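Colleague: Sequence first, then the predicted structure, then my questions.
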Amino acid sequence: MTTHPDRSLGATALHDRPAGGRGEGRLRPMEIADVAAVGRLFLRHFRGIEAEPGPDLLAYLRTLAFGAPGQTRETGSCVYERCDGRITSVLLSVHVAFRVGERDVAGRLFSAFMTDGSKDAAGAAKISLAMRARRQDLAFNDSSSPTSLKHFQAVGGTIVPIQNLEWIRTFRPAEAALGRVVRRTLRRWEPPLGPLAWPLDAAIRAVRGRSARPCRPDVRVEPMTVDDFLDHAPGLIAHHAVRPRWSRPELAWFVAMAEQNRRRGPLAIRRVVNRCGAVVGCFVYHGAVGRPARVLNVLARPAQEAAILHAMLRHLDEAGCTEAIGHAQPALMHGLAHQRGVGFRHRAFVCVLTRHADIAAAAKRGDIYIGGLAGEDWSRLMSDF
């Protein structure tokens, strides 16, 4: 879902407003009663099918649109309703509280933007006009296509550097390649492929040596409970000028949403501790034996990024994952440069809309924490249904 041409943007706080003098319809906050119509539009726009949404999708859309702590009618999702009652454009939005220096800011993650192109131009235009930067405290999207990027720039958006890339480290290249082919061909069925690829991968690993450098002796990886993660995560990103506030209720909600995204494998949280037992970082990922590890977040204290990445890659290799894939972030680039075999490829653009000069400046220099649990990678809409 990161490269659909219509995928972008969102709306500011919305009250009911007419579309204009021609009476096409109105842009208004999304209501619970709209969920079925939004589900139909999602399936049509992103999956290319005409069908009634099932109970699982309906329940998920209700939770996503209305369940986040701090979510309000005024700052949540919006829909464009025509005069005949049909909903033809939708912008899903999730509340994310941010800290900017020492002040709190109500942030918004702009999620799926969908429009019925054959029936609606006014709705898409109204949503685009409503989300201009001068009307936003802080709104962002981390899965914008090149077309979406142009829309963001047209309304005053700021592009976060580096984060259009994702990094990848392959541990078992034959098994990883076979898995990609099967997933693209069969979509949902993922049979165990290891036995077919193990001989070739064993030969490759023998030629190139260990797939990850040894972990630094003064750090080790340990299991991390959700409660422990909720305690430590805010402090591990506190050095960023702009970062999620991550109160316990809000971060717990995002973790719970990520746990539902089991198509990518079970959610795992691991901490990295030094020789004194102090937590110097942690990482969160979806993955399992014989499957890719989709890394949501790597959190590290300043100057500890390389050690955390060393430890994480070794752990994922030993856990039997075929490869590790994560979102590039400016703070991680120095540490990633020290990892053997890490490559980069274009993923999607990260765009910020704000009327505040200090937030825009922080975004331009990459001193903003966005991505993973502070982005959209946790959402089932990205890879499910």
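Modeller: Okay, I see it.
Colleague: what about the nearest residue to Val289 once chain neighbours are set aside, neighbour count?
Modeller: Among residues not flanking Val289 along the chain, Gly320 sits closest, at 3.6 Å (C-beta to C-beta, 6 or more residues apart in numbering). Every C-beta, even on glycine, is put in place using the N, C-alpha and C of the backbone. Residues near Gly320, counting by other C-beta atoms under 10 Å, number 16.
Colleague: just the helices in the stretch 101-250 of the chain please.
Modeller: 122-130, 146-154, 173-186, 194-208, 226-236, 248-260 (DSSP state H, counting those that start in this stretch).
Colleague: Can you check which of those helices gets nearest to Leu58?
Modeller: Taking C-beta to C-beta, helix 248-260 is the member of the helices of the stretch 101-250 of the chain nearest to Leu58, at 14.1 Å.
Colleague: any idea how far the helix or strand following that closest one is from the chain center?
Modeller: Downstream of helix 248-260, the next assigned helix or strand under DSSP states H and E is strand 267-274. Taking the mean of its C-alpha atoms, strand 267-274 sits 20 Å from the chain's own mean (C-alpha atoms, centre = their mean, to the nearest Å).
Colleague: Against which helices or strands is the next helix or strand after strand 267-274 packed?
Modeller: Next along the chain after strand 267-274, taking DSSP H and E as the criterion, comes strand 279-286. With contacts defined as 3 or more C-beta pairs under 8 Å, 6 or more residues apart in numbering; DSSP states H and E, the packing partners of strand 279-286 are helix 226-236, strand 267-274, strand 293-300, helix 305-318.
Colleague: Flag every buried residue along the first one.
Modeller: Residues 229-230, 232-234, 236 are the ones in helix 226-236 that count as buried (16 or more other C-beta atoms under 10 Å).
Colleague: now, of the helices of the stretch 101-250 of the chain, which is deepest in the fold?
Modeller: Of all the helices of the stretch 101-250 of the chain, helix 122-130 carries the top mean neighbour count, a mean of 21, counting by mean count of other C-beta atoms under 10 Å.
Colleague: What is that helix packed up against?
Modeller: The contact analysis (3+ C-beta pairs under 8 Å, 6+ apart) places helix 122-130 against strand 25-29, strand 78-82, strand 87-100, strand 103-115.
Colleague: Dump the helices and strands packed on strand 279-286 into a markdown table; add mean pLDDT and distance to Ala154 as well.
Modeller: Shown next, in a markdown table, are the helices and strands packed on strand 279-286 (pLDDT from 0 to 100; distance: least, C-beta to C-beta, whole Å):
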| stretch | mean pLDDT | distance to Ala154 |
| --- | --- | --- |
| helix 226-236 | 98 | 34 |
| strand 267-274 | 98 | 37 |
| strand 293-300 | 98 | 30 |
| helix 305-318 | 96 | 35 |
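Colleague: Pipe these into JSON lines and attach distance to Leu353 per row.
Modeller: JSON lines is the format used below for the helices and strands packed on strand 279-286 (distance: least, C-beta to C-beta, whole Å):
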{"stretch": "helix 226-236", "distance to Leu353": "24"}
{"stretch": "strand 267-274", "distance to Leu353": "29"}
{"stretch": "strand 293-300", "distance to Leu353": "23"}
{"stretch": "helix 305-318", "distance to Leu353": "28"}
